[in-house]
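**Q** Structural data only, the sequence is not supplied:
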Ligand code: FES
């Protein structure tokens, strides 16, 4: 089943769009959407060197020249393939999440994941959340 996540306009040209999904075992996981030269890709929001290290810590992942930069040790992952050929995470690949893009809308099509909410795990989007206020 495909669930609408966001519009392609919501994905920043540099940085990332963060959202939370539920795994089949009920655990929560964060996913980032990043803009490519042509399209959008989706990755689990953690580094392959130290898997408790988030790439997007709530303010968008650092990006340069089509690569996602790990904030801890600076390894860079190709935003299209997820592959890293440098630094501490060299030889690893980010965990891909299946999405599809239709008419400018991005859908989660990964059968093992269920869309929960926009933002990180701790950002449940409830009334006390201020992170998405538009001022
Ligand atoms: S935790 Fe990402 S490169 Fe070390």
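**A** Noted; the coordinates are in hand. Keep in mind that what you see is a predicted model, and the values were worked out from it rather than measured.
**Q** If we go by neighbour counts, what in the longest strand seen in the chain is buried?
**A** Among the segments of the chain that qualify as a strand by DSSP state E, the longest is strand 28-36. Residues of strand 28-36 classed as buried under the neighbour-count rule (16 or more other CB atoms under 10 Å) are 29, 30, 31, 32, 33, 34, 35. C-beta coordinates here come from the backbone N, C-alpha and C atoms, glycine included.
**Q** tell me the pLDDT at residue 75?
**A** At residue 75, the pLDDT value in this model is 98.
**Q** Ok, residue 99 next?
**A** What the model reports for residue 99 is a pLDDT of 98.
**Q** coming back round to it: of the buried residues of strand 28-36, which is the nearest to the ligand?
**A** Proximity of those to the ligand was ranked by CB to the nearest ligand atom; the top entry is residue 32 with 14.0 Å.
**Q** Would you list the phi and psi of residue 88?
**A** Here is the backbone geometry of residue 88 (degrees, to the nearest 10): phi -70, psi -30.
**Q** Residue 9 too?
**A** phi -70, psi -20.
**Q** I'd guessed it sits against residue 105; true?
**A** No. Using CB atoms under 8 Å, residue 9 makes no contact with residue 105, being 9.8 Å away.
**Q** The residue nearest the centre of the chain: what's it in contact with?
**A** Geometric centre of the chain, nearest residue: residue 32, 0.7 Å, by CA atoms, centre = their mean. The contact partners of residue 32, by CB atoms under 8 Å, 6 or more residues apart in numbering, come to 16, 17, 18, 42, 43, 45, 55, 56, 61, 68.
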